[in-house]
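Asker: kindly return the folded structure for what I paste below:
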Amino acid sequence: MKVLRVITSMNPKTGGPCQGIRNVNPFIKQLGTEVEVVCLDNAEEEYATKDDFIIHKIGKGKTSYQYQPLLYDWLIKNALKYDVVMVHGLWQHYNLMVYKAINSLKKSYKKVPKVVIMPHGMLDPYFQTAADRKWKAFRNEMVWYFIEKKCINNADALFYTCQEELQLASTTFEGYSPKKAINVSYGIQAPPVRKPEFDTAFYKKCPEVLHKEYWLFLSRIHEKKGVDLLIQAYNQLSIDNPALPDLVIAGPHESVYGQEMIKMAAENSKIHFSGMLQGDEKWGAFYNCEAYLLPSHQENFGIAIVEALACEKAVLITDKVNIYREIEDGGGGFVGADTFNGILGILKKWEALNKNEKTEMGKNAFSLYQKHFDVKSTAQRLNKVLKSLI
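Answerer: As a prediction, this is how the structure comes out:
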């Protein structure tokens, strides 16, 4: 079986979906499935990773909609080489190009690739109700009515990363009626075995926490991630507890919001912005932290959450993270509302535990990873479902 994945970018800086592809590809390849990717990166663009699968770079799209008509021509020429075309994400021009190209090929060929769309949380009602997204919500309504609805309802299947995402997706837009909606789950590779090099790399990037306990936020520094609430809650907790572990906020902070967060945290010397962490730096951050924090207002899956679980670290998250039920039921962390009081509450709960209780919660976290999020099991499920479509 040969699968083509379609995505905006494979640059690691763009976050979760491209990392998800990299996580599962080695294991699905072992099952005899060949995967290639077509994306809208420029041909000369280089990534900070080495990939052992083919990536076709069509060139940057125009505007935030990523308008790139060259993709249509590429698909007409190449799509018949594949058994399945798997589209990652919504609200971008490439979804329409896949829809049009496959429909065009159907007029001349009896056998064409099956089309699968993986929304990656983009059908979450949050994006249509958030107060700061009124214009984007209106735009999405228009794009839904004229484009995305027909793409989704004509696809052979929609793949979701967890049951919560699947259920939420059906509540957002009128006319949502996919042929199949399947929870294929999501997983990550086991983290590399801890090495001294990880510690060296991380502490070189963030020397302020050398020989100190710290809590870790590692994600994009974006309004959706609730970084402002985390800083506010941490500052409040620091007032009454000067011995509180430090807080490391890891992620690109060049944006306007990122700079605002640095200013917000400026008066607290225990809050540190490390910048983006990759490779050894990232694993050093995970292995040395006391707990991982992600106070997100919306999180479809949260690869970094699962990476923390796999490193035996408890996670402190909100009930807007779609895998929160698994975390809560498995005792791998604490879950709160995505509000100031909610975040403050889970920080207080964690700080109230003794050392043995924290260690036990870390063990629960690792068991959760093994049970729900191991990429080998995910690859087997994904491969089985893909084969059932062709």
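
Asker: how distant is stretch 197-212 from the center of its chain?
Answerer: 25 Å (CA atoms, centre = their mean, to the nearest Å).

Asker: so which residues of this structure form strands?
Answerer: Listed in chain order, the strands of the chain (DSSP state E) span 2-7, 34-39, 55-57, 84-88, 114-118, 157-160, 181-183, 214-218, 246-250, 271-275, 291-294, 315-318, 333-336.

Asker: roughly how far is the second one from the heart of the chain?
Answerer: Mean-position distance between strand 34-39 and its chain equals 19 Å (CA atoms, centre = their mean).

Asker: and it, what does it pack onto?
Answerer: Here strand 34-39 touches strand 2-7, helix 16-30, strand 55-57, helix 70-78, going by 3 or more CB pairs under 8 Å, 6 or more residues apart in numbering; DSSP states H and E. C-beta here means a position set from N, CA and C on the backbone, and glycine is covered the same way.

Asker: what does the last one contact?
Answerer: Just to be clear, that refers to helix 70-78. With CB atoms under 8 Å, 6 or more residues apart in numbering as the test, helix 70-78 has contacts from 4, 6, 38, 40, 56, 58-59, 85, 93-94, 97-98, 100-102, 104-105.

Asker: what is the neighbour count of K349?
Answerer: Residue neighbour count, defined by other CB atoms under 10 Å, stands at 14 for K349.

Asker: no no, E46
Answerer: For E46, the count of nearby residues is 8 (other CB under 10 Å).

Asker: what does the pLDDT read for it?
Answerer: Per-residue pLDDT puts E46 at 88.

Asker: what does the one 3 residues further on give?
Answerer: Residue-level confidence at T49 comes out at 82, pLDDT.

Asker: likewise for N300?
Answerer: At N300, pLDDT is 85.

Asker: same check, this time on Y65
Answerer: 88.

Asker: residues in contact with the nearest residue to it once chain neighbours are set aside?
Answerer: Excluding the flanking residues, the one nearest Y65 by CB to CB, 6 or more residues apart in numbering is H93, at 5.3 Å. Contacts were defined as CB under 8 Å, 6+ apart; by that measure H93 touches 61, 65-68, 71.

Asker: report the buried members of those.
Answerer: Neighbour counting by 16 or more other CB atoms under 10 Å classes 61, 66-68, 71 among those as buried.

Asker: measure the residue of the chain positioned farthest from its centre to I76 for me?
Answerer: Centroid-distance maximum for the chain: S108 at 37.7 Å, with CA atoms, centre = their mean. Distance, S108 to I76, by CB to CB, to the nearest Å: 10 Å.

Asker: next one: K50
Answerer: Counting by CB to CB, the gap from K50 to I76 is 31 Å.

Asker: looking at the two, which one has more neighbours?
Answerer: Taking other CB under 10 Å, K50 and I76 do not tie; I76 has more neighbours (16 against 5).
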